[in-house]
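Q: Need coordinates for the following:
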Amino acid sequence: MQPKGKAIDELDDLCRTRTIKGKHCPRLIPIHVQTVALFTAVLAGENAINGFRNSTLARHLFPAKATPQEANRRCAWISRRISTLRARGLVAKLPNSHRYRVTEKGALVMGAAIRIRKNDFPAEFRKAA
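A: Residues are numbered from 1 along each chain as shown. Below you'll find the predicted structure:
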């Protein structure tokens, strides 16, 4: 069965690089392990009410303790991913804070990517085998 709908069109759009307001916005690979882990961390239930911060995502993505150098590297990596998500309209910054929230488009697209990665692909591989 060929997936259809608005979510699939949005996922296709994520796979293309874009220039937004004169800045390069890298593509996202919506079914890549790291990208799905980022989407899962962003969509975690604890972030639904108050939003999330860089440090919140760091706890989800990197559970082990880190040296100060490694912590700075992780913080920079997450900041770049958040800026990509913002440029794509998947998350928005909450005013007067260091927090972000998931947009309606973000919930649709990230939820579809997680579902495809965790449910649809394994089922299709079982059918093919």
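Q: List the contacts of residue 48.
A: residue 102 (CB atoms under 8 Å, 6 or more residues apart in numbering). C-betas here are computed from N, CA, C, even on glycine.
Q: Next one: it from residue 18, what distance?
A: 28 Å (CB to CB, to the nearest Å).
Q: so the residue nearest the centre of the chain is in which element?
A: Closest residue to the average C-alpha location of the chain: residue 39 at 3.4 Å, with CA atoms, centre = their mean. Under the criterion of DSSP states H and E, residue 39 resides in helix 33-42.
Q: Which neighbouring elements make contact with that helix?
A: Here helix 33-42 touches helix 54-61, helix 68-87, helix 104-115, going by 3 or more CB pairs under 8 Å, 6 or more residues apart in numbering; DSSP states H and E.
Q: before we move on, back to that, pretty sure the residue nearest to the centre of the chain is touching residue 110, no?
A: Yes. Look at residue 39 against residue 110 with CB atoms under 8 Å: they come within range, at 4.0 Å.
Q: one step back: with mean pLDDT, mean neighbour count and distance to residue 96 as added columns, please give the helices and strands packed on helix 33-42 in a markdown table.
A: Converted to a markdown table, the helices and strands packed on helix 33-42 look like this (pLDDT from 0 to 100; neighbours: other CB atoms under 10 Å; distance: least, CB to CB, whole Å):
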| stretch | mean pLDDT | mean neighbour count | distance to residue 96 |
| --- | --- | --- | --- |
| helix 54-61 | 92 | 17 | 17 |
| helix 68-87 | 93 | 15 | 16 |
| helix 104-115 | 89 | 19 | 21 |
